[in-house]
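[1] have a look at this prediction, sequence included:
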Amino acid sequence: MIVSDTIWQPNVADAGKSKYKSLAQAIREGIVSGQLNAGEKLPPVRELAYRVGVTPGTVARAYSVLIDEGRLVAGVGRGTYVAGGAASAVAIARPPIMLDTPNNAPDRVHLLSPKVPDTGQSQLIRDGMQALSRELHPEHLLRYPTRETDLAAREAFQNEVSPDSVGHFGIDDIVTAHGGQSAIVMILQTILHGANPVIAVDELSYGGFRSAALLCRAEVVPLPWDDEGPVVAVFEELIKSKSVQVYFTASEVCNPTVKPTAPSRRAEMARVAERYGVHIIDDDCYRLMKTDRIGPSYRALLPELGWYVSSPAKTLTAALRIGFAIAPQGWGQALVRTSTYHSFGVSRMITDLYAYMLARPELPEIIEGVKGRVAMDIRAAVNVLGGHRLNWSEDVPFLWLELPRGWRAAAFCKAAEASGVLIKPAEDFTLRDGRSVHAVRIAINGFMSHDAFTEAMDVLRRLLDQPAEQLAT
């Protein structure tokens, strides 16, 4: 086994393969040769990463590949073992997912909000913090941030955002914020006017849009969708009847339905917004997850009225509170003023850490590890729940499940919670007086094992196959 008293050491020097593939192959060979015996425990991810000189993300991905192949097994809190033997049987043994008492609430499977799996980014953050603690001049640790101190972060962001998706922009059009939500609030504070501003949001949409509007004392009105995206005729009518100033959306990934807005529909919406001078804020927080974009953002379609918002929270870490807004032409300085009045800017310790992470050569592999784990969980969910109506994509860390006849969203979530699985009902994504939708959102939780997630899907499937009126009899 791969422990401190063994002479076996994996070789990942094969230049013809990715490091995680080389490591996976080395473990396969160790199993076949008998150097790694059935039931023997492999070292923790970080220990093996340090020993062979790779990132933790490389080891985690190699382990995941071999678990999928059935060569390794993993148990929650017990480690990873070579398949077969008594030890591996112990590894996969775990308490049933059914929980009976409120006292067990912390042990429930939380699928309420997406959580990013650690494929090496936590170590990257630690390394960056150590490097910056040595490199930053003492003066930099004492002064307020400025447009000069966050320049490295803005340049890093600029270098990885394609003008094809957001339109032409310069470094001065980018403003840093304390996360994407902070960027949204600052944009509203910059553009809203009048005593009773009105904002339109998608009928089913991320609750943070409504929270931001509430903070700015704005009225919120819902915009219905069809199969292509927001209904253009209703958008125009809301502008005329309600004097809508801003439309919030996420054109690439609607949260919670996973649906994108079709490129042709984006173009129609942009023409209406331009005709009436309505701003559109396009939240692209899953940008790093998306392999292929559906179409240009509203900022590309509306150079003078389109706003683009993004952050690394949904792909790298939610703890690093940094987000970015790209202002439309002519609005950059106004947004900078709002940022200055709002908080004097983002700490250099955060902006420099973001720039450090974006420059590291191992970052692409870490992102691929995150995407791989999300895709693996999504595939498992689709395999288990595929007999029901699902909206999903392998590069989006949640699914939208339309409930069968006999289930209402609130009742289904209550039954799931009683069985130890926490998910969100459609009501959490609608306005208070919005239409009733019988659906739920299931988020990917990267903090839990793939096996535990799959077991949670089995629990949901059993509930779906036994509607509420049958449970009551």
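    Structure's in. What do you need? Computed from a prediction, not measured in an experiment: that's the story for all the values here.

[2] could I get the full set of helices for the stretch 301-450 of the chain?
    Listed in chain order, the helices found in the stretch 301-450 of the chain under DSSP state H, counting those that start in this stretch are 332-343, 348-359, 363-385, 409-418, 450-464.

[3] tabulate those helices (TSV), appending mean neighbour count and distance to V109.
    (C-beta placed from N, C-alpha, C; glycine too.) Putting the helices of the stretch 301-450 of the chain into TSV (neighbours: other C-beta atoms under 10 Å; distance: least, C-beta to C-beta, whole Å) gives the following:
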stretch	mean neighbour count	distance to V109
helix 332-343	17	36
helix 348-359	20	30
helix 363-385	20	12
helix 409-418	18	9
helix 450-464	19	4
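
[4] what would those look like in JSON lines with mean pLDDT?
    Output for the helices of the stretch 301-450 of the chain, formatted as JSON lines (pLDDT from 0 to 100):
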{"stretch": "helix 332-343", "mean pLDDT": "94"}
{"stretch": "helix 348-359", "mean pLDDT": "96"}
{"stretch": "helix 363-385", "mean pLDDT": "94"}
{"stretch": "helix 409-418", "mean pLDDT": "94"}
{"stretch": "helix 450-464", "mean pLDDT": "94"}
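
[5] so which of the ones you listed gets nearest G179?
    Using C-beta to C-beta as the measure, helix 348-359 is the one of those that comes nearest G179, at 10.2 Å.

[6] and the closest one, what does it pack onto?
    If you count contacts as 3 or more C-beta pairs under 8 Å, 6 or more residues apart in numbering; DSSP states H and E, helix 348-359 packs onto helix 121-135, helix 151-160.

[7] okay, these, which one's buried deepest?
    When neighbours are counted by mean count of other C-beta atoms under 10 Å, the highest per-stretch mean among those falls to helix 151-160, a mean of 17.

[8] quick one: contacts for the most centrally placed residue in the chain?
    The residue at the geometric middle of the chain, judged as the C-alpha nearest the mean C-alpha position with C-alpha atoms, centre = their mean, is K314 (2.8 Å). For K314, the contact set (C-beta atoms under 8 Å, 6 or more residues apart in numbering) comprises P114, V116, C285, Y286, L288, M289, P397.

[9] let's see it at 7 Å
    K314 makes contact with P114, V116, C285, Y286, M289, P397, according to C-beta atoms under 7 Å, 6 or more residues apart in numbering.

[10] quick revisit: now the helices of the stretch 301-450 of the chain in CSV, with distance to G323?
    Putting these into CSV (distance: least, C-beta to C-beta, whole Å) gives the following:
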stretch, distance to G323
helix 332-343, 11
helix 348-359, 10
helix 363-385, 18
helix 409-418, 30
helix 450-464, 28
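
[11] ok, back up a step: which one of the helices and strands packed on helix 348-359 lies nearest to N445?
    Using C-beta to C-beta as the criterion, the shortest distance between N445 and the helices and strands packed on helix 348-359 is 16.1 Å, found for helix 121-135.

[12] quick one: the helices in the stretch 101-250 of the chain?
    Counting by DSSP H, counting those that start in this stretch, the segments of the stretch 101-250 of the chain that form helices are 121-135, 151-160, 163-166, 180-191, 207-215, 232-242.

[13] show me the one of the ones you listed that comes nearest G420.
    Nearest to G420, of all those, is helix 207-215, at 24.3 Å by C-beta to C-beta.

[14] state the mean pLDDT of that closest one.
    For helix 207-215, mean pLDDT rounds to 91.

[15] and for the nearest residue to A250 once chain neighbours are set aside, the neighbour number?
    When the adjacent residues along the chain are set aside, A250 lies closest to D283, with 4.4 Å between them (C-beta to C-beta, 6 or more residues apart in numbering). One way to gauge burial is a neighbour count; for D283, by other C-beta atoms under 10 Å, it gives 29.

[16] and the angle from the helix or strand that contains R28 to helix 363-385?
    Counting by DSSP states H and E, the secondary-structure element that holds R28 is helix 19-33. Going by axes from the mean of the first three to the mean of the last three C-alpha atoms, to 10 degrees, helix 19-33 is angled at 60 degrees with respect to helix 363-385.

[17] give the contact list for Q466.
    With C-beta under 7 Å, 6+ apart, Q466 has no contacts at all.

[18] ok so, going back, kindly state the beta-bridge partners for the residue nearest to A250.
    Taking DSSP bridges, one obtains V309 as the residues bridged to D283.
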